[in-house]
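Engineer: following is a predicted model, sequence given first.
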Amino acid sequence: MNHRVLAGADRIGGTCIEVTADDGTAVLLDLGMPLYDDTGADFPPRTHERPVRELVAEGIAPDVPGLWADDPSPRYAAIVLTHAHLDHYGLAHHAHPGIPVYASRGTAAMIDVRRVFSPRGARPREVRELPSRGALRIGGLTVTPVPVNHSAPDARALLVEADGESLLYTGDWRAHGRTAVGRRSLLADERLRGLGTLICEGTMLGTDAELHGADDESSVERRLAALCAETDSAVVVLSSGQHPDRVISAFRAAKRAGRQLVLDPYQAYVQERLRPLSRLLPQYDWPGVRVKFVRAHVRALKDAGLMPWVYRVRDAAKLETREFALHPERFLVLARNNTPTMLLLDKLADAADFVYSQAPGASTEVYITVPPAARAVNVGEHYFEFVMLMGGSDSSFVDVTTARLNGTISGLPGSRYVTLRNEGAYVS
């Protein structure tokens, strides 16, 4: 058995590993889109949807005969995915239609969620489900999925065996998640004894809790619960709804603090799709869970024929903006850094610590608190992130931009109103 790392060894993301048995059977483990270009900058949105020959010519996709849809015939017997992050499956839709794609049940579900909310977005045409127990036999290769903990649901390491040899590709994994599926379970797995080759994702090797102040998900839960207890405003957690451990941590923290967890319809639908995989994931029909409706999400669900589910969510858990604005101290919000989130925060300016949402030339007043130890600060050389709202309806265009704040904030401790004016290039 031989293997080659076709992509991902010299950059973050875009992982693709070829494994070939002596009988010629070849499979790919992951086929991802790189996260950054050679300069370290993000690729433009939807780069992975460009024609594959352009991506190959630019070195974004591997130049491998028999892999892509325009090749005369497929070289590979299968593509096996570790989890549903674009840097591991983002180029799989470009593969030759004769190459089947396999993934765990949870990974397949998250790719299908993309079909609902991004129907024009690129994704594999079909994803076959890996066995939950046992192995997948592909020609002379045997592929055994091994559960691991990651920020994507139902992630798998892949144990490949052929010709008396073995290889384990971990995919992305972590040892500090909420479940016991991690470093200890991998070390105790009898199937991995005498392993011939280990290919391990190493992006975060050497980092520790000093970067973020949390040792594990239990620590995240405790810190969130303490934050909820310290403030009488809404607490917003920016996190993916596809991060099972983080969703559970947010729900448990809210419950400990006597708050309700707020999801959007996308996040609620993700939890619904993952319901068969975990009894711990909070669902819209649980006490203590509310759903703040977003029009774009409802439209996507309607177009996918899922309005009966939307009605059930509405009847069980819908949270009106007025209730949220009047009683922000009752809620912990799981949010994503996107347009719907910014629109919601704009409507809740009175309940937020800081939201600036005005077209150029307009001004507004915000309520700020200066700590007792603060001095007068000239902020003219510092940059801050502002939400710029163009228009006045739920369909308005929202841009999160970094602007220079020109002026001086008094160092006198206490709370006061400050007038902000959008000057276009900066905010005064």
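Structural biologist: Cool, the structure landed.
Engineer: low-scoring stretches of this structure, by residue?
Structural biologist: The chain contains residues with pLDDT under 70 at 179-185, 203-214, 337-428.
Engineer: give me the domain ranges for it.
Structural biologist: 2-199, 210-350, 363-427 (automatic domain parsing).
Engineer: run the chain-centre distance for the first one.
Structural biologist: On the basis of Cα atoms, centre = their mean, to the nearest Å, the separation between the geometric centre of domain 2-199 and that of its chain is 17 Å.
Engineer: the second one now?
Structural biologist: In terms of Cα atoms, centre = their mean, the centre of domain 210-350 is found 14 Å from the chain centre.
Engineer: can you start the count at 52 instead of 1 from here on
Structural biologist: With the count now opening at 52, the last piece we talked about shows up as domain 261-401.
Engineer: dump the domains of the chain into CSV; add mean neighbour count as well.
Structural biologist: For glycine as for every other residue, the C-beta is placed from the backbone atoms N, C-alpha and C. Listed next are those as CSV, based on neighbours: other Cβ atoms under 10 Å:
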stretch, mean neighbour count
domain 53-250, 18
domain 261-401, 18
domain 414-478, 13
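Engineer: residues contacting residue 277?
Structural biologist: Counting by Cβ atoms under 8 Å, 6 or more residues apart in numbering, residue 277 touches no other residue.
Engineer: next, it: secondary structure please.
Structural biologist: helix (DSSP: H, G, I helix; E, B strand; the rest coil).
Engineer: those helices in this protein, which residues are they?
Structural biologist: 103-108, 137-140, 156-168, 234-239, 268-281, 295-307, 316-325, 346-354, 358-368, 372-377, 390-398 (DSSP state H).
Engineer: quick one: closest of those helices to residue 87.
Structural biologist: helix 137-140 (9.7 Å; Cβ to Cβ).
Engineer: ok, and what's touching that closest one?
Structural biologist: Residues from elsewhere that reach helix 137-140 (Cβ under 8 Å, 6+ apart): 63-66, 81-86, 99, 132-134, 154, 158, 162, 175, 222-223.
Engineer: which ones among these map onto strands?
Structural biologist: Counted as lying in strands by DSSP state E, out of the contacts of helix 137-140, are residue 154.
Engineer: any idea how far residue 214 is from the spatially closest residue to residue 54 that is not a sequence neighbour?
Structural biologist: Distances taken as Cβ to Cβ, 6 or more residues apart in numbering place residue 70 nearest to residue 54, at 4.7 Å, with adjacent residues excluded. In this view, residue 70 and residue 214 are 11 Å apart by Cβ to Cβ, to the nearest Å.
Engineer: ok, residue 267 next?
Structural biologist: The gap separating residue 267 from residue 214 is 40 Å, by Cβ to Cβ.
Engineer: picking up where we left off before, looking at it, the residue nearest to residue 54 is touching residue 81, isn't it?
Structural biologist: No - applying Cβ atoms under 8 Å, one finds residue 70 not in contact with residue 81, separated by 11.3 Å.
Engineer: so residue 328 sits against residue 155, correct?
Structural biologist: No - Residue 328 lies out of contact with residue 155 (Cβ under 8 Å); the separation is 9.0 Å.
Engineer: common neighbours of the two, please.
Structural biologist: With Cβ under 8 Å, 6+ apart as the test, residue 328 and residue 155 both reach residue 205.
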